[in-house]
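Participant: Sequence and predicted structure, then a few things I'm wondering about:
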Amino acid sequence: MKKGKKLYEGKAKIIYATADKNLVIQYFKDDATAFNNQKKSVIEGKGVLNNRISEHILSNLSQIGIKNHLVKRLNMREQIIKLVEIIPIEFIVRNVATGSITKRLGIEDGTVLKAPLIEYCLKDDKLGDPLISEEHILAFDWATKSEIETVKKMILRINDFMIGMFRGVGIKLIDFKLEFGRLKSNGKNEVILADEISPDTCRLWDVITDKKLDKDRFRKDLGDLIPAYTEVAKRLGILHEQSNLSSVNNITKLSSVKKKNK
Ligand code: TMP
């Protein structure tokens, strides 16, 4: 499918038009950002891994009836997705308290929550994605009551499925972020899952060692981000073909050669 003009560039992805007005191409960049863009780096190979991992998770979610924007992966860095109007809210789902909630509420890091906790943040970089309540969402028409109810039901099913999927490969799903969009079909709006689900948007800890296998490796300067993301992909059974493995390895090797030459 031919790539048209750039429609939108975010921190980790770019959206391009296609000849079909209902479909766009989502390109995964290697850029890593944290703390609302204050910390930035380029980690070669990250986009390739996130493209594969997100494709795997979203196609599995499709199979259990969670409608989402993924149509198909095109190549190492790109996928065709359905064009949706993104609901301007980041839906954060927490199973274990860590990260911002521990600082905000003084909760001890690693506290297992009695039930999944859903938090809402307004998707606005200029404001630093502030935490908001359901009442704010309704007061300012960011989503309707029925959209919130639909999304909440989807979130709980997604969380259940992902906890099991990761548990099966020795990984604890600590928390994650989801985005949803409105798909216009027959003049009506249907809410579907959008964006990506990857180690950039989840916290994933090894079941036995609690080793962090996600973007906290970058946020907390722990290093070895690519080996951690590769480990997630391998455990999920994505990187079994030799060709794919060597492609990611080549990208990472290339990046370390470039760094040495700097
Ligand atoms: P937090 O503890 O920093 O609020 O993050 C909660 C989860 O949401 C964690 O898995 C990381 C993810 N997340 C994003 O994907 N994008 C974001 O902009 C933020 C703030 C968090």
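Facilitator: That came in fine, so what should we check first?
Participant: quick one: is stretch 188-198 near the ligand?
Facilitator: No. Stretch 188-198 stays clear of the ligand (C-beta under 6 Å from any ligand atom), getting no nearer than 8.9 Å. Placement of C-beta: from N, CA and C, glycine included.
Participant: For Pro227, grab the count of nearby residues.
Facilitator: 11 (other C-beta atoms under 10 Å).
Participant: give me every residue that touches the closest residue to Arg217 other than its chain neighbours.
Facilitator: With sequence-adjacent residues excluded and distances taken as C-beta to C-beta, 6 or more residues apart in numbering, Arg217 is closest to Leu225, at 4.4 Å. Applying C-beta atoms under 8 Å, 6 or more residues apart in numbering to Leu225 gives the contacts 32, 43, 46, 215, 217-218.
Participant: Is it correct that Ile137 is in contact with Glu90?
Facilitator: No. Counting by C-beta atoms under 8 Å, Ile137 sits too far from Glu90 to count as a contact (11.8 Å).
Participant: between those two, what contacts are shared?
Facilitator: Joint contacts of Ile137 and Glu90 (C-beta under 8 Å, 6+ apart) are Tyr120.
Participant: taking the mean pLDDT, what do you get for the longest helix seen in the chain?
Facilitator: For the chain, the helix with the greatest residue count under DSSP state H is helix 145-167. Averaged across helix 145-167, pLDDT comes to 98.
Participant: Just give me the neighbour total for whatever residue of the stretch 1-150 of the chain ends up closest to the ligand.
Facilitator: Using C-beta to the nearest ligand atom, the closest approach of the stretch 1-150 of the chain to the ligand is made by Gly99 at 2.3 Å. Applying other C-beta under 10 Å, we find 16 residues neighbouring Gly99.
Participant: ok, now the one 4 residues further on?
Facilitator: For Lys103, the count of nearby residues is 10 (other C-beta under 10 Å).
Participant: residues contacting Tyr21?
Facilitator: No, residue 21 isn't Tyr; it's Lys. By C-beta under 8 Å, 6+ apart, the contact set of Lys21 is Leu83.
Participant: any idea how far it is from Gly4?
Facilitator: According to C-beta to C-beta, to the nearest Å, Lys21 and Gly4 sit 10 Å apart.
Participant: before we move on, the earlier item: could you dump the contacts of Leu225 into CSV and include neighbour count?
Facilitator: Shown next, in CSV, are the contacts of Leu225 (neighbours: other C-beta atoms under 10 Å):
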residue, neighbour count
Ala32, 20
Ile43, 19
Lys46, 27
Lys215, 25
Arg217, 21
Phe218, 21
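Participant: In strands, which of those appear?
Facilitator: Judged by DSSP state E, these include Ala32 as members of strands.
Participant: ok, and which of the contacts of Leu225 reach the ligand?
Facilitator: Among the contacts of Leu225, no residue sits close to the ligand (C-beta under 6 Å from any ligand atom).
Participant: So which elements touch the longest helix of the chain?
Facilitator: helix 46-63, strand 89-97, strand 111-122, helix 134-139, strand 171-185, strand 188-194 (3 or more C-beta pairs under 8 Å, 6 or more residues apart in numbering; DSSP states H and E).
Participant: Can you identify the element that follows the third one toward the C-terminus?
Facilitator: Put plainly, it is strand 111-122. Using DSSP states H and E, the helix or strand that follows strand 111-122 in sequence is strand 131-132.
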